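Participant: Just a sequence and a predicted model for now, questions to come.
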Amino acid sequence: MGRYRAGKGRALKNSRRHRLREFQMNPEDRFYSACLDPSGYARGLKQRTCGKILGYFCSYAPVELIHAAGLHPFRILGGKGEIRLADAHLQSYCCSLVRSGLEAALNGSLDFLDGAVFPHTCDSIQRLSDIWRLNAGFEHHFDVVLPVKLNTLSARRYMAEVLNGFRKELEQAFQVEITDEALWRAIRDYNVIREKLESLYGLRSFNPSLFDPSAVHRITAAAMFMEPGAFLKDISEYLGNVEPGVLGGTGSGRKRLVLSGGICSHPDIYDLLARAGADVVWDDLCTGTRWFEEKAEEDGRDPIGALADRYMARSVCPAKHADVRARAGELADTVRRHRADGVVFLMLKFCDPHAFDYPYLKRFLDEAGIASLLLETEDHPPAEGQLMTRFETFVDML
Amino acid sequence: MSDNEKKHDPDTKQQKIKAVSRMKEIMTNYYIEAKSAREQGRKVAWITSGGPVEPLIAMDVIPVYPENHGAMIGASKMGGQLCEKAEEMGYSRDLCSYARADIADAVYKQGPIGGLPEPDMLVCCNNICGTVLKWYETAARYFDVPLFILDTPFVHREFSQEAQNYVLSQIHEYVGFLEDCCGRKMDYVRMEEVGRFSVEGTRLWQEVLDTCAHKPAPMTAFDAFFHLALIVTLRGTQETVDYYKQLLDELKERIRRKIAMVPNEKYRLLWDNLPVWYRTRWLSDKFASHGAALVADTYTSAWSGMVPDMQGRSFLEAMAETYTKVYINISIDMMFDIVAGMIKKYDVDGVVMHSNRSCKPYSLGQYDLRRMIMDRLGVPTLIIEADMVDERSFSESQINTRIDAFMETLKA
Ligand code: SF4
Ligand code: SF4
């Protein structure tokens, strides 16, 4: 990697961005606008292409199959705003991703969806699938009951069978044929997207000052909302514009952090950390590396097998099972590899899988001499002032 | 659990179920045996409540149930205190209180029996929840022992052929795991024998529950919560079969002699979700004061749902399906069918749902289930918010008022 400095892809101020019309927009504007209003993006896409859109919640949703069927996979990251309708279906002790996702389905904010796909993850998503199917009224509904174990041959076999079953279900529901060729094309598209995101992350780790604090987060989120072809074009252009320049990452006195947890839908956290004197340089999030790490093998033989292998090889989500100590080791390695000074755990309240892993991850980091901070979030992060104080204290301590 | 029972003992001599003392004896012996496993040169396995225990019995391994232990902790009213300890260890208060209490007790050994016997191996079947997966991973790290996971795909609409094959191959892997841990081979003749005891015990358990279809009911769900312990922990043994025969005889005798558990039974209710272990007596008295008997529940009947449909298969093969289709591993609409069947069978006037903040797979979806029960069956349904073990999440005054109001609507 050479030396880089900010190119013309630097962030535009929010107010100006809004005023720009599509044809004047550059890739970064398009990422930001998709990220600010994912539903607006999806509606626009639907209008332009008359295509069908399938929603999904989890990084184990086989987006390649959806894409190969000619549909658009759209990640649901929960809505903002008040919860009213979902309260009639979900108790208060359910995570805000599930609650706000259901709210959005019930109040019409997701009216552009033709359906949704629920890969098996946690207990809450499992029940959300039922509630959604019984109440949300979308035309299509898919449950992809993937194995929970990811470390045995029989699970690998079952994984491939489930993916194959989903392929058939898609074909039937939408009256399309998903050819191997189409599937390989989709795999290639997503592999390139993953590669690009990885180099984006790499650039940020190399020199965080190249980007606005929340830019990488927004771009990664945009990858989950935008039509893959369009995103690919934009990300290639965007990366091409990040020009070599002065090295600003090290020796700047700023601290380097890794975020760990489930979903993060609060770009502000990156800004606040930056103000406190720390840059996020890598993550272990469902909306970050867990979505793009590991590529599917493009050996031209068995596309479903390639997808299954990717899920088996990828770093494990806490709702799944592989080696019981793998996550801690990987997290500590990530910290070392990116010369980070500490870890911030982002815990979504009521998220069981992540909450169960936290004590052991924390202890492991403590023993490895890596500092960490726990931040529990709901649909809204804690008040800014309070957050700022906690961040500053943490960063000062590093 | 013995403590729980003591508190529940009805006042009058006549109402007491006599088999209770035999049950206590069996459970006490069981825990003594489990605690002295090392001296006897026997191995101990921790296993989830919905897990296939039969292969363990066949391999002469002592099964230990952290969830049963959790219930015991709850009934002894030690839940809040142990849960707090777990929270100090970094476990969120929002996690399942069985898991929290048990994790804390594994470290501090301050529970009612001074800690469970430590495991030589762990067997986790995720047919009840994703929590057990995480909980057993924690135990596997803490005790540094091998962990086997029986992954039973959730049944949203059907138990697919692929899922059946997957579970079946894991049953064989499970046997292999046990053989490795024990250093000896499975005796398949013995396995089938254990399977027969299991089937018989489970059938008897169903018959025990079925006695409550009689009016008035000779026992209530509160008794079922207590007598459940054996079908959970010692399924597949002669002892369990004998015990439930004894219990069944006694219940039939009560029916013959018209002995009701709730004197002047007027209303018949169905309970959904786990018991509130630290308040069984209070709740039982509360409902009884309104002449209401809890004649059935979805919780204890989950184990009677485990009678395999043998269809000429071996027990191990039939088991794959049975264990995957248990009550909380199925969709809300499938649960509704089961609840509707129970409402009819036990001639129920109302449903009481325990919205249990510990148990998301059981509780999320209850609001929809409730709507289906009210809309499609016209059966009034009450939801009370609580927790099975952590007494800090129980608001007596609120629940008291809600139950009174609900009973008023039933009476109207
Ligand atoms: S894994 Fe956690 S954040 Fe994701 S849906 Fe489940 S509980 Fe919510
Ligand atoms: S979450 Fe529910 S099913 Fe799972 S261990 Fe806790 S109480 Fe049992």
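Facilitator: Received the coordinates, thanks. Ligands and ions are numbered 1, 2, ... in the order given.
Participant: Show me where the stretch 1-150 of chain B has its helices.
Facilitator: Remark: helices assigned in the stretch 1-150 of chain B by DSSP state H, counting those that start in this stretch are B:2-8, B:19-35, B:54-58, B:66-75, B:79-88, B:97-108, B:131-143.
Participant: Let me see the residues that make contact with stretch B:211-224.
Facilitator: Defining contact as CB atoms under 8 Å, 6 or more residues apart in numbering or on different chains, one finds that stretch B:211-224 is touched by B:8, B:17, B:208-209, B:227, B:248, B:251-252, B:254-255, B:258-262, B:265, B:268, B:271, B:275, B:280, B:283-284, B:293-297, B:299-300, B:345-347. (Glycine included, C-beta is placed from N, CA and C.)
Participant: can you check stretch A:325-345 too?
Facilitator: Contacts of stretch A:325-345 from elsewhere in the structure, counted by CB under 8 Å, 6+ apart, are A:205, A:250, A:255-261, A:273, A:278, A:280-282, A:284, A:315-316, A:318, A:357-358, A:360-362, A:364-365, A:368, A:370-375, A:394, A:398, B:141.
Participant: Any chance you could spot the residue sitting in the middle of the chain?
Facilitator: Just going to use chain A. A:Thr287 (2.0 Å; CA atoms, centre = their mean).
Participant: not quite, I wanted chain B
Facilitator: B:Thr300 (5.4 Å).
Participant: Which other helices and strands does the longest helix seen in chain A contact?
Facilitator: Among the elements of chain A assigned as helix by DSSP state H, the one spanning the most residues is helix A:180-206. The elements that helix A:180-206 packs onto, with contact taken as 3 or more CB pairs under 8 Å, 6 or more residues apart in numbering or on different chains; DSSP states H and E, are helix A:63-68, helix A:215-225, helix A:228-241, strand A:278-284, helix A:289-292, helix A:303-313.
Participant: between that helix and helix A:228-241, what angle do the directions make?
Facilitator: Relative orientation of helix A:180-206 and helix A:228-241, computed by axes from the mean of the first three to the mean of the last three CA atoms, to 10 degrees: 30 degrees.
Participant: Comparing the helices and strands packed on helix A:180-206, which yields the minimum mean pLDDT?
Facilitator: Of all these, the minimum mean pLDDT falls on helix A:289-292 (a mean of 89).
Participant: Show me which positions of that helix end up buried.
Facilitator: By neighbour count on 16 or more other CB atoms under 10 Å in any protein chain shown, the buried set for helix A:289-292 is A:Thr289, A:Arg290, A:Trp291, A:Phe292.
Participant: can you check stretch A:299-309 too?
Facilitator: Within stretch A:299-309, the residues that count as buried by 16+ other CB under 10 Å are A:Pro303, A:Ile304, A:Gly305, A:Ala306, A:Leu307, A:Ala308, A:Asp309.
Participant: Can you pull the residues of the stretch 301-412 of chain B lying near ligand 2?
Facilitator: Contact residues, the stretch 301-412 of chain B versus ligand 2 (CB under 6 Å from any ligand atom): B:Ser358, B:Cys359, B:Tyr362.
Participant: Helices - which of those land there?
Facilitator: Among those, the subset assigned to helices under DSSP H consists of B:Tyr362.
Participant: By neighbour count, which of the residues of the stretch 301-412 of chain B next to ligand 2 wins?
Facilitator: Neighbour tally across those (other CB atoms under 10 Å in any protein chain shown): the maximum, 28 neighbours, falls on B:Ser358.
Participant: List the residues that contact that one.
Facilitator: The neighbours of B:Ser358, taking CB under 8 Å, 6+ apart as the test, are B:Leu95, B:Cys96, B:Ser97, B:Tyr98, B:Leu274, B:Asp387, B:Met388, B:Val389, B:Asp390.
Participant: Let's see that with 6 Å instead.
Facilitator: Under the criterion of CB atoms under 6 Å, 6 or more residues apart in numbering or on different chains, the neighbours of B:Ser358 are B:Cys96, B:Ser97, B:Asp387, B:Met388.
Participant: Throw these into JSON lines and include pLDDT, thanks.
Facilitator: Below are the contacts of B:Ser358 laid out as JSON lines (pLDDT from 0 to 100):
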{"residue": "B:Cys96", "pLDDT": "97"}
{"residue": "B:Ser97", "pLDDT": "97"}
{"residue": "B:Asp387", "pLDDT": "97"}
{"residue": "B:Met388", "pLDDT": "96"}
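Participant: nearest to B:Asn127, of those?
Facilitator: Proximity of those to B:Asn127, judged by CB to CB, is greatest for B:Cys96, which lies at 15.3 Å.
Participant: Next, count neighbours for that closest one.
Facilitator: Counted with other CB under 10 Å, the neighbours of B:Cys96 add up to 30.
Participant: In the stretch 151-300 of chain A, what residue comes closest to ligand 1?
Facilitator: When distances are taken as CB to the nearest ligand atom, the stretch 151-300 of chain A reaches nearest to ligand 1 at A:Gly262, 4.4 Å away.
Participant: I meant to write the stretch 101-250 of chain A there.
Facilitator: For the stretch 101-250 of chain A, CB to the nearest ligand atom, closest residue to ligand 1: A:Cys122, 3.3 Å.
Participant: That residue and A:Thr220: what is the separation?
Facilitator: 22 Å (CB to CB, to the nearest Å).
Participant: which one of those two has more residues nearby?
Facilitator: Applying other CB under 10 Å to A:Cys122 and A:Thr220 shows that A:Cys122 carries more neighbours, namely 29 against 22.
Participant: Now do the same contact list for that one.
Facilitator: Applying CB under 6 Å, 6+ apart, we find A:Cys122 in contact with A:Ala319, A:Pro353, B:Gly130.
Participant: The second one contacts A:Ala319, correct?
Facilitator: It refers to A:Pro353. Yes - shown here, A:Pro353 and A:Ala319 form a contact pair, counting by CB atoms under 6 Å, at 4.1 Å.
Participant: Quickly list what the closest residue to A:Leu113 other than its chain neighbours is bridged to.
Facilitator: The spatial neighbour of A:Leu113 that comes closest, neighbours along the chain excluded (CB to CB, 6 or more residues apart in numbering or on different chains), is A:Gly55 at 4.7 Å. For A:Gly55, the beta-bridge partners under DSSP bridges are A:Phe74, A:Ala116.
Participant: Right, I'll leave it there.
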